[in-house]
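A.B. asks: for reference, the sequence and a predicted model appear below.
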Amino acid sequence: MITEPTNIRLETKAKAKAWQIFEALGMKPAQAFNLFIRQVNLQGGIPFEIKIPNAETIAAMEELANGGGERSKNTKEMFEKLGI
């Protein structure tokens, strides 16, 4: 396999979180990116669904960003509120 160096700019916080996940999975970042690129090639596009959020989702995201929304202490309480 022939490789070549590649430089990309990444969002700092997103990169740090991703690096932690790669480490937990026992992967080096280069392995994860190679896996992603291989999947792009196999799928003929991005290997996961990408959607533009609808108005309701955008409103909910903005509400949460502004400190609103309903919060639960734990998953049990959240499921009870949802009736699940």
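C.D. replies: Looks like it came in fine. Numbers count the residues shown, from 1 in each chain.

A.B. asks: go ahead and name everything in contact with the helix or strand where Glu80 lies.
C.D. replies: Secondary structure from DSSP states H and E places Glu80 in helix 75-82. Residues external to helix 75-82 that are found in contact with it (CB atoms under 8 Å, 6 or more residues apart in numbering): Glu70, Ser72. (Each C-beta comes from the backbone N, C-alpha and C, glycine too.)

A.B. asks: also stretch 8-19?
C.D. replies: Here stretch 8-19 has contacts from Pro29, Ala32, using CB under 8 Å, 6+ apart.

A.B. asks: switch the cut-off to 10 Å
C.D. replies: Met27, Lys28, Pro29, Ala32, Phe33 (CB atoms under 10 Å, 6 or more residues apart in numbering).

A.B. asks: which one of the residues you listed sits closest to Glu4?
C.D. replies: Checking the contacts of stretch 8-19 against Glu4 with CB to CB, the nearest one is Phe33 at 12.5 Å.

A.B. asks: picking that back up, in strands, which of the contacts of stretch 8-19 fall?
C.D. replies: The strands, defined by DSSP state E, take in nothing from the contacts of stretch 8-19.

A.B. asks: can you list those residues in TSV and add neighbour count, pLDDT and distance to Thr12?
C.D. replies: Listed next are those as TSV, based on neighbours: other CB atoms under 10 Å; pLDDT from 0 to 100; distance: CB to CB, whole Å:
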residue	neighbour count	pLDDT	distance to Thr12
Met27	15	96	20
Lys28	12	96	19
Pro29	13	96	14
Ala32	15	97	17
Phe33	15	95	17
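
A.B. asks: quick check, nearest of those residues to Glu63?
C.D. replies: Closest approach to Glu63 among the contacts of stretch 8-19 (CB to CB): Ala32, at 32.9 Å.

A.B. asks: hang on, the earlier thing: got TSV for the contacts of stretch 8-19, with distance to Leu10 too?
C.D. replies: Formatted as TSV, the contacts of stretch 8-19 follow (distance: CB to CB, whole Å):
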residue	distance to Leu10
Met27	16
Lys28	15
Pro29	10
Ala32	12
Phe33	10
